[in-house]
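Need a 3D model of the sequence below.
(one chain, ligands or ions: 2)
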Amino acid sequence: MTDCLFCKIVAGEVPAEIVRESERAVAFRDINPQAPTHVLVVPRAHHPNAAALAAADPASLAEVVAEAHQVAVGDGVADGGYRIVFNTGREAGQTVFHVHAHVLGGRGLNWPPG
Ligand code: AMP
Ligand code: ZN
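Ligands and ions are numbered 1, 2, ... in the order given. Okay, the predicted model is just below:
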C-alpha cells in the first residue's frame with residue numbers, strides 16, 4: 001500500500017527505532033510510548049487488522065505473536081508479564097489500518113484496560 005505509514009516503515013521510507021526483524025514481521029518502538037516497553041509488531045505485508053491477517057495468512061499472525069514475545073524477552077518484561085493488544089476498529093482506538101500488535105510492559109497494567 002503506497003499510502004500506509006507502517007508499509008513505509010517496513011520499506012525503510014519512514015524512520016523508526018527497529019527492535020527486531022524476522023522473515024515476515026518487523027518490530028519498532030511506538031513513537032508515543034504508553035509504558036516503559038511499548039513496541040509495535042507488524043507483518044511486512046499489508047493487512048488492515050488481526051482478523052484479516054488471520055484469514056489471509058495465519059502463519060504471519062503466528063509470527064507477529066512470537067516476535068511480540070521475543071520483544072518482551074529482549075526488554076526484560078516477559079517474566080513479570082506484558083500485554084499484547086490489537087486495537088481493531090475506530091471505536092477501539094485503531095488509527096493505523098495496517099495490523100499491529102502493541103507490546104506493553106514495564107509497569108503495572110490495569111485490568112480491564114480503558
Ligand atoms: P493504534 O491507535 O492502535 O492504531 O496504534 C497506532 C500506534 O502507532 C500509536 O500508538 C502511535 O503512537 C503509533 N505511531 C504513529 N506513528 C508512528 C511512527 N511514525 N512510528 C512509530 N509509532 C507510530
Ligand atoms: Zn500497510
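
then the longest strand anywhere in the chain to PDB, C-alphas only?
Using DSSP state E to assign secondary structure, the strand with the most residues in the chain is strand 37-43. The C-alpha trace of strand 37-43 is given here as PDB (Å, rounded to 0.1, in the frame of the first residue of the first chain):
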ATOM      1  CA  THR A  37       8.100  -1.000  26.900                       C
ATOM      2  CA  HIS A  38       5.800  -0.100  24.100                       C
ATOM      3  CA  VAL A  39       6.700  -1.800  20.800                       C
ATOM      4  CA  LEU A  40       4.600  -2.300  17.700                       C
ATOM      5  CA  VAL A  41       5.000  -5.600  15.800                       C
ATOM      6  CA  VAL A  42       3.700  -5.600  12.200                       C
ATOM      7  CA  PRO A  43       3.600  -8.100   9.400                       C
END
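
residues making contact with it?
Residues from elsewhere that reach strand 37-43, judged by CB atoms under 8 Å, 6 or more residues apart in numbering: 6, 9-10, 19-20, 24-30, 53, 57, 60-61, 63-64, 67-68, 71-72, 75, 77, 82, 98-106. Where C-beta positions appear, they are placed from N, C-alpha and C, glycine not excepted.

mind listing which of the residues you listed are in strands?
Per DSSP E, the subset of the contacts of strand 37-43 in strands is 19-20, 25-29, 82, 101-105.

what's the angle from the longest strand of the chain to strand 25-29?
150 degrees (axes from the mean of the first three to the mean of the last three CA atoms, to 10 degrees).

Strand 37-43 pairs with which strands?
Sheet pairing for strand 37-43, assigned by DSSP bridges, gives strand 25-29 (antiparallel), strand 101-105 (antiparallel).

Flag every residue of the protein that's near ligand 2.
Residues of the chain lying close to ligand 2 by CB under 5 Å from the ion are M1, C4, F6, C7, H46, H98.

returning to that earlier point: if any of the contacts of strand 37-43 are buried, put those into a ChimeraX selection.
Per 16 or more other CB atoms under 10 Å, the buried members of those correspond to this ChimeraX selection:
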select :6,9,10,19,24,25,26,27,28,29,30,53,57,60,61,63,64,67,68,71,72,75,77,82,98,99,100,101,102,103,104,105,106
